[in-house]
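S.K.: Just to be clear, the model below is a prediction. Sequence and coordinates:
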Amino acid sequence: MVIQEGRALTKEDTHACVVNAALMEINGLKIGDRITVELCDKLLMQHGVLGATAVIPERYGKPVKTVELEIVGSYLDIDAQYERDASDWWCYTPNTLFVPLSLLPVEPPADYPIRPGEFSMVIEDAYQIEAFLNAAEPLAKEMGLKLRFSDRGWMR
């Protein structure tokens, strides 16, 4: 996944979101537009054994809060075209949007298992990417995770 336009979320964001570029295009949205979103009372496991569960309404929580969010960035799921059939957990539906952690209406349980594709990291100093990957690789391997790096083609 890469940020196509705008920026990623920051710790300071409280009412912002990052949405899929295709969703923005289809709906005529742009960076700076505001959208209304209903937050629900449970965490939705996007990528479970059945694949993306976002299309199964019975698995949704009940809406508990409505918020208005400013679109600060758009993303492309660059791995989707290659991984969709083999590894559902690496891909997001075009309807997936990312919001600040502070907006989650529930706390994740202490024993919540982190799954591949549920988090990402931004390395601010490009000269430290290789050092980060080398340091993180043993831990990722121990956890059964695969590290993926994307620079949107800048190193070519």
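M.R.: Structure received.

S.K.: buried set for the biggest helix by length in the chain?
M.R.: Assignment by DSSP state H gives helix 129-143 as the longest helix of the chain. By neighbour count on 16 or more other Cβ atoms under 10 Å, the buried set for helix 129-143 is empty. Every residue, glycine included, has its C-beta placed from N, CA and C.

S.K.: For it, the averaged confidence score.
M.R.: Averaging pLDDT along helix 129-143 gives 87.

S.K.: Check stretch 61-71 too.
M.R.: Stretch 61-71 comes out at a mean pLDDT of 90.

S.K.: Can you name the residues in contact with it?
M.R.: 6, 15-19, 24, 29-44, 99, 103, 105 (Cβ atoms under 8 Å, 6 or more residues apart in numbering).

S.K.: ok, now with 10 Å
M.R.: Stretch 61-71 has contacts (Cβ atoms under 10 Å, 6 or more residues apart in numbering) with 5-6, 13-19, 23-24, 29-44, 97, 99-100, 103, 105-106.

S.K.: How confident was the prediction at the closest residue to residue 24 other than its chain neighbours?
M.R.: Nearest residue to residue 24, sequence neighbours excluded (Cβ to Cβ, 6 or more residues apart in numbering): residue 74, at 5.2 Å. pLDDT recorded at residue 74 is 96.

S.K.: Which helix or which strand is home to residue 74?
M.R.: Element membership for residue 74 (DSSP states H and E) is strand 63-76.

S.K.: mind listing what the residue nearest to residue 24 touches?
M.R.: Going by Cβ under 10 Å, 6+ apart, the list of residues near residue 74 reads 2-7, 17-25, 29-31, 97.
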